[in-house]
Structure formats: C-alpha cells, structure tokens
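Asks: task: produce atomic coordinates for the following.
(2 chains)
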Amino acid sequence: MSKALVRKDRLQGAGLDGALPYLLLAPSLLVVMAVLLYPLIDGLRASTKFYRYGKPLRDVGFDNYVQLWSDPQFLNSLMVTVSFVASAVILETVLGFALALFCSREIAGIRFMRTILIIPMVVTPVVVAIVFRLIYASDAGMLTAISQTFGGGSVEILGRPLRAFIGLVALDVWEWTPLMFLILLAGLQSLPVEPLEAARVDGAGGWRLFWDHTLPMMRPILAVAIVLRTIDAFGTFDQVFVLTRGGPGEATRLLSIFGYDTAFKFQQTGYAAALFVTMGLIILACAMAAVRLLKKVEAK
Amino acid sequence: MTTPSKRAGLTRRSLLQSSAALALAATLVLAALPRPASAEGKKVIIGAFADGGLTPFKDKIIPLAKAQGFDIQFLEDEYGVTLEKWFADAQSGAGQYDLYLLDDPWVPQFGAAGVLEDLGAAGIDGGDKDWIGSMIDMGYWPPRDGPRVKGFENATPTLVTVPFVGDLQTLTYRNDVFTDGAPATWEDIIAKGKEGVAAGKIKYPVVFRGVSGNPIVTSWYPIFLSYGGQFFDDKWNVTFNNDAGKAAADFFVGAMKQNAPPGVVEFDSDQEGAAILGGDAGAIIQYSGNALKADDPTQTKVAGKLDFGVVPKKEKAIAQMGIFIAGIPKSAPNKANSVEFLKWYTSPETQAKLAEAGSIPVKRSGFAVSDPGNRLIPVALKQLDAGALPRPRTPDWAKVEELLGIQLNKALQAGSGGGAALDAAAEQVTAYLKQAGYYQ
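Replies: Just a heads-up that it's a prediction; the model follows:
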C-alpha cells in the first residue's frame, strides 16, 4: 500500500470517523436548541420582567406569577379552561370508546363506517369553527332556521354564557371524538382474544365481558388517550378565536385566548409569559399525575 | 489487500463528497434560472384591515396611484389580527410593510413604542390648515392636547401618522319609518321605530353591536357622549361611571336592547349590517363601511329607503370619530416611496378624487367637490361640525376597552344593570392603570 493511502486511512479512522457522528447530529441539535430551548429560556426570562410599549423596563422577579393568582380575569380563564377540558375530554372518551366498541366488530360496511367517523378530525379547526358559527348564529344560523320552520323563535347560543360554553364543547366533541375513537379502536384490536373467548365459554354475557375483561385490559390505552387529549385540549385556541373570541362576557375565554390577548393585543409580554409558563406547569402536572395513575393501574 | 474505497461501493467520504457536489450544482442551477421581472414603478406595500370604508380607495385611488408611477401592493387582513401582526412587524424590524393603515386608537401604542417614522421630518406638513383639525391631531404622539401618559409628559409632539380616510359615526335610518327626517333624540328612534314595527315596515326599531370589547364599546360610545359622559379626567382618573355614564349604560342595555333583534349580544358589524341592509332594522349608528352600501341594490334590499343624519342627542349629538390613519414603520423597505405616496395622496387634488370616489376625505378641500361620490359625505361634515370625538389617547386603550366591553356585554345579556357594570369596569380599569404606573 502506498504511503499516501496509509495516511488517508489513518486520517479517516482517527479524525473524520470519530467526529462524523457529532457532525451529523449537530444540525438537529442546533435546530432543537433554536426552536425549543432558546424560546423556552427567553420566555422564562421575559416572565420575570415588566414590559411597557413592547419593551422590558425592569426586573420584577416572580411578581408576574404572584399577580396572576389575584387577577380575576386569569382565575376566570383558568376555571373556564378546566371546565372545558374536563367536559370535552370526558364526553370524547365515552363516545370514542362506545364507537370503538361498535366498530371493532367485523360486520358488513364497518370499514366504510370507520373511514366516515374519522372525517371530522381531518377538517381544519378554523373551518370547523366557521361552520359551527353558521349553525349557531342567532340571525341567520341553521338552528334558528329550523326553529323558525317549526314556529319557534331565534335560537340564541352564542349570546348566552352557558349555551355558548356548551356550544363550544359540542364543537370540540364533534371534532376530536374521532381521535379517541381511532386510538381506542387500535387498542381494542390489539387485545388478546383468549381471555375473552374463555370468559364467553364460561357463560359471561356482553356486559360482564366488557366490565371484567375488556375495560381492565383497555385501561393503559385509555389513560394514554386521555393524557394526550387533555394536553391538546388545554391548548385549544383557533376554534374559540373564530367562534366566540372568548365571549359572551368571559364565558368561553380559555387561558389560550386570554394569554394571546395579553401578549399581543395589550403588549403585556412579561405577564403573558408568566401566564404561559404557569399554564405549561399545570399541563405538566396533569400529565405527570396521569402517568403515575397509569403506572398504578399497570402494577395492579 | 484492498483499500476501503475499493471494498465498498459507497463510503461516508464519497457520500459527503457527492452531497456537497450535488448542493453546489443545485445552487448554480438556481442562480442561473431566470428571475421574475420585478414590477415597474415605485413600490409601496400597504397593510390594511378589511373594511368597507376602504373600498373607494381600493377601487378608484389605487389605479390612479399606479398611473402616477406607484407600484402599490395592498395586503388586507381581518381587523381582529392586524394590531398584533403589525406591532410585531414594526417591533421586530421585519420590514414586511411600507405603510400601515391603522385604526386611530392604535396610534398611541405605536407612537409610544417609537416604531414609526417622524413624518414631519420627512416633509409632510402637519400645520397645513387644509387638514381637518381633529383628524390631524390624532396623528401626533404624544397628543398636542389633553392628558398625556407617564413618560411622555414633556415630550415634543411628533407627527407619526397622517389621516388617510376620514371616518366617523353617523346615523342611518329608514326614511319610510322616520318620515319627518332623521330622529333627533334616542327616544325618537325607539318611539317612531316601534310605530314602524307596528306598521310592518321593519322588525326592530334599532340594531347595534353587542359583542364584548371594541364592538359593544363602539356602539355605546355615542350614547355615552351624548349623555355628557367623559372617560377620564386630566389625571387619568376613571370618570366613565359618573351619573351621566350610568344613565347612558342603563338606557343602552335596557331600552336599546329591548328594541333590537334577539341575539344582539352576539352581533358584530356583519350582523348589524345585515339587519339594516336587509330591511329588518329601522336605524343604526355606524361607520361608513356599511353606510356606503346603502344605495347599491346588489348590497341592500331597501335601496332608496335609507337616509343619513347626525347621531341623535340627549344633551349633545356627539359621534365617535375613528379614522384610518397611515404610519410608516421605521423598518419599511421603501420609505422614500411611501413618503412620496403620502404627499401625493394627501394633496388637495387626490383628496378631491377620494371624495368623488365616495370616501370621506381628510382635508377640508375634499369636501368642496361639486359631485361627491356618496351622499354620506356632506352628512359626515355636518357631524364633524355638530361634534365628533376620538377615543382617549392612551396606549392602554385596547385593555380599557376590553375590560369595559366585558362588563357592558354582561349587563346587555341581563338586559339591566348598566350602572353596576360601569362600576365594576371602573374598578378593574383603575387597578390596571395603577399597576401600569399611571398614578405614580
């Protein structure tokens, strides 16, 4: 072998080979740091400052965080968000599970039905909100038109706090039940059939089969689906922005809308950063609690 | 013995070399591709929010500007997102726009942040007597008159924006219902409107916007002003919940709601426009956006039945003034073109063309045209003379409007408790302004 080739091999083995994995990882690491780590650190830094006219004026330590808990608007938004997430996720789980149970059976036309059921999930959320606005609108909405056909009056949904809240939950349930359905259907189809067949041979009826076998085996999958959907529901923004903008009054003002207005409309950047950090911590706490619960269930 | 390169068909080194060669080749090919020819003319990128008040400008003035050698790019967005979008653009120096067509209450926010060019220094004469005085006043930051926010008490007023399209609230009413001409008082609107309902001519005497925030406050504003209300004293203490303000709020959430369409709590400009143009409502206080459609049979079912007048009075007949106002961000890529465009646009000749196109001009000479493009224009001048006031000049107006709007909306839902709503809003606004340093 020539001297030049030996040298080339040595260089390749000692230098390039050793550095290559890091070189290949570097772009991904840089991207992650730029889009994840830097905004996170910058957000935390901003949350400790007092802003006016879009500029940081002074450090205020944790004052923004303390102020949140005495701000009636924040507390109201937190309450609305928790109520919304709880209502929507519970309904979506129950409906999604029921549909998954129905669609897990191999009957004629079931594949077509499964496809139809996931359509709402693939429609753009803003479009869904616009369509629901056209359904709910008291002046020219579909519900009002139906009501008037039967001699009724205008159906006021978006102008009454409780109705608007229910209307928003209904929208979310319509759009995201398919996600729960899809996850739970996959879960049902992956369950072992032996225990179910054995129970059936022992004379267990449909309800007993579900309660004693299917549900316990599905618990880990249910927990994962609920955690995923809960995290996602906390961040709901576009549907509310289009449908109610948080109104009437503050009846549908989720934390995401309040935070958006605070940050971009009122330019209280530091306060909004504290709000979003707090919101992130609440979601993290929920997720951790759910994971702990999941571990307990698995241990049983 | 074989070398590594001979052992395998593809080594990491050859892969890297091939990738580099491919990237170089792609770069060269892209560089060699013919680029689309840039449009000729002096480029000006204008950002605007979607509003019918700008239709004459879009339809008639932009073609004139093009004939003058300007290459206008008109970028429209929904009202609800423009403030935050443009403020982020200006503050980050992104330079996506040459000219913002702002809603005038946003001027303090942009002015205080120092993100707009000094148009006086750029050669635009704010002292020109042809400007409508109350309109050019809105272009300065800090304001030339009235209270100033902390930090700007001693600053010299700078012309950071110039009026672009004049706009203010006026009354639109059904001439087959109000047969004696424009109703003079708020009570007239209700009383004669009820007669119109009884006669089957209309369904509701009045319509307005009830959505929280800017819409409901805008609808309540002329009633509040006509009752003699005032938002703040000269020290920024809240005064909107005085007796006059409470009486105006009670009238608004009570009598006005009872005589408006059901669901008015959720009405914004689209719904109120549909109610008046569709023939359901007898009267409305509105800006020019929907008023300009009053004679167009393709836009209204009651063409020929809609007339204009000054807003009704209680003690006075004062409307809210809310103009389109133009500012050049410091990050604008074509500043010189934008200044030249504004000089051309605000010249008496172009203002006359604007009035002929149907928009309310921002210079007095524009009102003198013999053939204004819309019969609303002389009424707007009458309203200016009768009284029209802008919203308070503070960068925190958006927050104040939000807090007040939420409480008014809650009272409107209930159909009573306007005075109590103002007290609740006053408490929240005071707490907010205190925290923002107004009373230190």
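Asks: residues of chain A that sit close to chain B?
Replies: A:1, A:5, A:9, A:12, A:16-17, A:20, A:52-55, A:67, A:72, A:137-140, A:153-154, A:156, A:158-161, A:245-250, A:261, A:264-267 (C-beta under 8 Å from any C-beta of the partner chain). The C-beta positions use only the backbone N, C-alpha and C, and glycine is treated the same way.
Asks: which of these fall in strands?
Replies: By the criterion of DSSP state E, membership of the residues of chain A next to chain B in strands covers A:52, A:55.
Asks: which of the residues of chain A next to chain B count as buried?
Replies: With burial judged by 16 or more other C-beta atoms under 10 Å in any protein chain shown, the buried subset of the residues of chain A next to chain B is A:12, A:52-54, A:137-139, A:154, A:156, A:158-161, A:245-250, A:261, A:264-267.
Asks: so residue B:360 bridges to which residues?
Replies: residue B:166 (DSSP bridges).
Asks: how close does it get to residue B:290?
Replies: Distance of residue B:360 to residue B:290, computed by C-beta to C-beta, to the nearest Å: 14 Å.
Asks: count of residues packed around residue 114?
Replies: By default, I'm working from chain A. Residues near residue A:114, counting by other C-beta atoms under 10 Å in any protein chain shown, number 18.
Asks: ah, no, chain B please
Replies: Neighbours around residue B:114, by other C-beta under 10 Å: 15.
Asks: which residues are in contact with it?
Replies: residue A:53 (C-beta atoms under 8 Å, 6 or more residues apart in numbering or on different chains).
Asks: where does pLDDT dip in chain B?
Replies: By pLDDT under 70, the low-scoring segments of chain B are B:1-16, B:19, B:29-40.
Asks: from chain B, which residue is nearest to chain A?
Replies: Nearest to chain A in chain B, going by C-beta to the nearest C-beta, is residue B:263, at a distance of 2.7 Å.
Asks: grab the nearest non-local neighbour of that residue.
Replies: Counting by C-beta to C-beta, 6 or more residues apart in numbering or on different chains, residue B:263 lies nearest to residue A:138, which is 2.7 Å off, once chain neighbours are set aside.
Asks: pretty sure that neighbour sits against residue A:148.
Replies: No - the pair residue A:138 and residue A:148 does not pass the contact test of C-beta atoms under 8 Å, sitting 11.2 Å apart.
Asks: and residue A:166, how far is that from residue B:184?
Replies: Remark: distance between residue A:166 and residue B:184 (C-beta to C-beta) = 44 Å.
Asks: cool, residue B:41 as well?
Replies: Residue B:41 sits 50 Å away from residue B:184, going by C-beta to C-beta.
Asks: mind giving me the domain split of chain A?
Replies: Domain segmentation of chain A under automatic domain parsing yields A:3-46, A:66-299.
Asks: nope, chain B is what I was after
Replies: Following automatic domain parsing, one finds the domains of chain B at B:42-167+B:323-389, B:170-321+B:393-435.
Asks: for the residue of chain B closest to chain A, phi and psi?
Replies: phi 90, psi 10 (degrees, to the nearest 10).
Asks: quick one: closest of the domains of chain B to residue A:79.
Replies: In terms of C-beta to C-beta, the element of those nearest to residue A:79 is domain B:170-321+B:393-435, at 15.0 Å.
Asks: end to end on the closest one, go ahead and measure it.
Replies: From its first residue to its last, domain B:170-321+B:393-435 covers 36 Å (C-alpha to C-alpha, to the nearest Å).
Asks: follow-up on the earlier one: kindly compare burial across the domains of chain A and name the winner.
Replies: Highest mean neighbour count among the domains of chain A (mean count of other C-beta atoms under 10 Å in any protein chain shown): domain A:66-299, with a mean of 17.
Asks: now the host helix or strand of residue B:62, how far from the centre of its chain.
Replies: When elements are assigned from DSSP states H and E, residue B:62 belongs to helix B:62-67. On the basis of C-alpha atoms, centre = their mean, to the nearest Å, helix B:62-67 sits 23 Å off its chain's mean C-alpha point.
Asks: list the buried residues of the next helix or strand along the chain from it.
Replies: Downstream of helix B:62-67, the first helix or strand assigned by DSSP H and E is strand B:70-77. By 16+ other C-beta under 10 Å, the buried positions in strand B:70-77 come out as B:70, B:71, B:72.
Asks: over to stretch B:159-179?
Replies: Those would be B:159-174, B:176-178, for stretch B:159-179 by 16+ other C-beta under 10 Å.
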